[in-house]
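Turn this into a structure:
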Amino acid sequence: MGCGADQKSSGQKAGPTSYCYRTTFPADAPAGRQDVTELSWEVDEDGTVSGIYNWLPAEKDSRKGTFTGKTESEHIDGFMVHATYTYQQEGTQTEEKINIIVRENQAIVLPDGEFVWVNGVAYPRDATLNDTLKKVDCAEIQSAADRLPNE
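Numbers count the residues shown, from 1 in each chain. So this is what the prediction gives:
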């Protein structure tokens, strides 16, 4: 199944749709190391979402977690996911509400309430948890988790 691929009507019950996003940044670390942020999820037919959201810096403690939520009806430039994100960082478990704005080739992750809609387009406000990730093949997310423990 392709990431974000349309489900075809075949008379059979369609399975979940997968979405995968990843962004890398060169790190101030030994050559070849990168900071990685990854996001992937599946949407069931009823709009229920479950996935992972990980921040994997080359030289710091990582933040790894899962989220569950629901999709919101589509907007002019994509759709929105409202979710509860539970993650571990520096030995502490934290839970917070997040929003994921999904556009054609990117996803923007923001804390709940940290965006503003103007003419049907979502624009992020300044926030500490504010990531823009690029759409990727879902195999990249799986292989990144295997290669980059960063623990």
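
Enumerate every residue touching residue 102.
By C-beta atoms under 8 Å, 6 or more residues apart in numbering, residue 102 lies in contact with 19, 78, 79, 80, 81. Quick note: C-beta positions are derived from backbone N, CA and C, even for glycine.

Most neighbours among these, which one?
residue 81 (23 neighbours; other C-beta atoms under 10 Å).

Residue 33 and residue 87, how far apart?
22 Å (C-beta to C-beta, to the nearest Å).

Quick check: which of the contacts of residue 102 has the minimum pLDDT.
Looking at pLDDT alone, those dip lowest at residue 78, where the score is 81.

if you skip the residues just before and after it, what's nearest to that residue?
Closest residue to residue 78 apart from its sequence neighbours, by C-beta to C-beta, 6 or more residues apart in numbering: residue 103 at 4.1 Å.

One more: residue 41?
Beyond its immediate neighbours in the sequence, the residue positioned closest to residue 41 (C-beta to C-beta, 6+ apart) is residue 51, lying 2.5 Å away.

so which strand or helix has that neighbour?
Under the criterion of DSSP states H and E, residue 51 resides in strand 48-56.

helices or strands up against the next helix or strand after that strand?
Remark: after strand 48-56, the chain's next helix or strand is strand 63-75, criterion DSSP H and E. Under the contact criterion of 3 or more C-beta pairs under 8 Å, 6 or more residues apart in numbering; DSSP states H and E, strand 63-75 touches strand 48-56, strand 78-89.
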